[in-house]
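Enquirer: Please work out how this folds:
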Amino acid sequence: MDTIANMIVKLKNAGNAGHTEVSIPYSNLKHSIIEVLKKEKFVKDVEVGTLKNKKVLKVSLFIENRVPKIQGVTRVSKPSKRIYKKFSEIRAVKSGYGALIISTSQGVMSGREAKKAKLGGEALFNIW
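Expert: Just a heads-up that it's a prediction; the model follows:
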């Protein structure tokens, strides 16, 4: 099961349904991905909580005039096929309106940050 794909689709679907908050099962990777999405202004806030004695991430979503901030997501690297990108191969997503989330040796970061730091890594997903 691809937990990252489940997480990003859950975020997109919650926004499309008009929800302002969504709960996602906790993992360190998911937490760092959500922190990057917060820096890139795709989500408002994230906090760690518990639900039925399980650790969860409570994510607050941006919804302006009943239109969600997250319009779409595509998974780039999958468990069955990992996609790695050099920093020179990192391109803008949706003419700069979106972001590529990439896992580097320095941690999870957006494509813009990775390109500035001249770091490559596993391209996780595109979001716009």
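Enquirer: what about the helices in the chain?
Expert: For the chain, the helices defined by DSSP state H cover 3-16, 28-39, 111-116.
Enquirer: what about the ones you listed, which gets the closest to Ile101?
Expert: The closest of the helices of the chain to Ile101 is helix 28-39. By Cβ to Cβ, the value is 5.9 Å. Yep, even glycine has a C-beta here, placed from its N, CA and C like the rest.
Enquirer: Any chance you could list what contacts the closest one?
Expert: Contact partners of helix 28-39, identified using Cβ atoms under 8 Å, 6 or more residues apart in numbering, comprise 3-4, 7, 11, 24, 43-46, 48, 57, 59, 99, 101, 103, 107-110, 124, 127.
Enquirer: how many other residues sit next to the closest residue to Val93 other than its chain neighbours?
Expert: Distances taken as Cβ to Cβ, 6 or more residues apart in numbering place Asn126 nearest to Val93, at 4.8 Å, with adjacent residues excluded. Asn126 has 19 neighbouring residues, counting by other Cβ atoms under 10 Å.
Enquirer: Give me the domain ranges for this structure.
Expert: If you go by automatic domain parsing, the domain ranges for the chain are 3-68, 73-127.
Enquirer: Make CSV out of the ones you listed and add mean pLDDT.
Expert: Conversion of the domains of the chain to CSV gives the following (pLDDT from 0 to 100):
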stretch, mean pLDDT
domain 3-68, 95
domain 73-127, 96
